[in-house]
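Asker: Only the shape, not the letters, is given here:
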């Protein structure tokens, strides 16, 4: 019997013999993608630093100055359209000294005239600073914030031989050197007079605030309402040297 079964199996087709056995899946290798070319990452360009306009340099006082210093300052005032007159230093006040004194009457701006009715007595170096501040800051702010034209401003006497805040024993005021000016009001063509102590309109208040803030870039000391009782009704601008390098500022 065993011989018969073996003979029958030998006659069966190969497909029948393969039934019941699990076919193995064909083996193949997955294709490998070609390597990508290496790329160098370029760092982003550095952001250029913001350009901040520099504040104008502090002009030193003429220190009694040579004839050349006096002539140069007068020439600069003329070129800026400042109407002024050379003045003599006050007599009998030895503790105070004003270098190259001038009286300013008006400043010409693009065919218009800004009047200084108090005709302040100032050192010529401060007169130059005040004229340029009027031309480059005050008049443009009046136009930009109030859509109006600056026509005058009140300065008081300018030079005054006294101590700071008139306090006994205090250091000499910048007024005693002709290096300070106190502005109590500005006058615009349409808005009229704007008082520093109490502007009557929001636009006037913004104008006074902007002039005061801008002054910190032009003068070494800026004081006004809120600084102390002595400056409650005016803006004090001076060019007295502050600090070891003369460039320090006090803005209150």
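Answerer: Good, I have the coordinates. Keep in mind the model is a prediction, meaning the values are calculated, not measured.

Asker: List the buried residues of stretch 84-93.
Answerer: Neighbour-count burial for stretch 84-93 flags 84, 87, 89 (criterion: 16 or more other CB atoms under 10 Å). C-beta here means a position set from N, CA and C on the backbone, and glycine is covered the same way.

Asker: Ok, stretch 96-112 next?
Answerer: Buried-residue list, stretch 96-112, by 16+ other CB under 10 Å: 96-107, 109.

Asker: In the protein, where's the longest strand?
Answerer: Ranked by residue count, the top strand of the chain under DSSP state E comes out as strand 101-109.

Asker: now for that strand, which elements pack on it?
Answerer: Applying 3 or more CB pairs under 8 Å, 6 or more residues apart in numbering; DSSP states H and E, we find strand 101-109 packed against strand 82-86, strand 112-115, strand 121-123, helix 124-133.

Asker: From the buried residues of stretch 84-93, pick the one nearest residue 190.
Answerer: residue 84 (28.0 Å; CB to CB).

Asker: I'd say that closest one and residue 104 touch.
Answerer: Yes: using CB atoms under 8 Å, residue 84 is in contact with residue 104, at 4.9 Å.

Asker: Can you check which residues contact both of the two?
Answerer: residue 127 (CB atoms under 8 Å, 6 or more residues apart in numbering).

Asker: Endpoints of stretch 125-142, how far apart?
Answerer: Start-to-end span of stretch 125-142 (CA to CA, to the nearest Å) is 25 Å.

Asker: quick one: contacts of it?
Answerer: Stretch 125-142 has contacts (CB under 8 Å, 6+ apart) with 56, 59-62, 73, 76-77, 80, 82, 84, 99-100, 102, 104, 107, 109, 114, 122, 148-150, 153, 178-181, 186, 188, 207, 210-211, 214-215, 218-219, 237-239.

Asker: quick one: low-confidence parts of the stretch 51-200 of the chain?
Answerer: Confidence mapping of the stretch 51-200 of the chain against pLDDT under 70 gives the ranges 51-68, 92-94, 163, 165-170.
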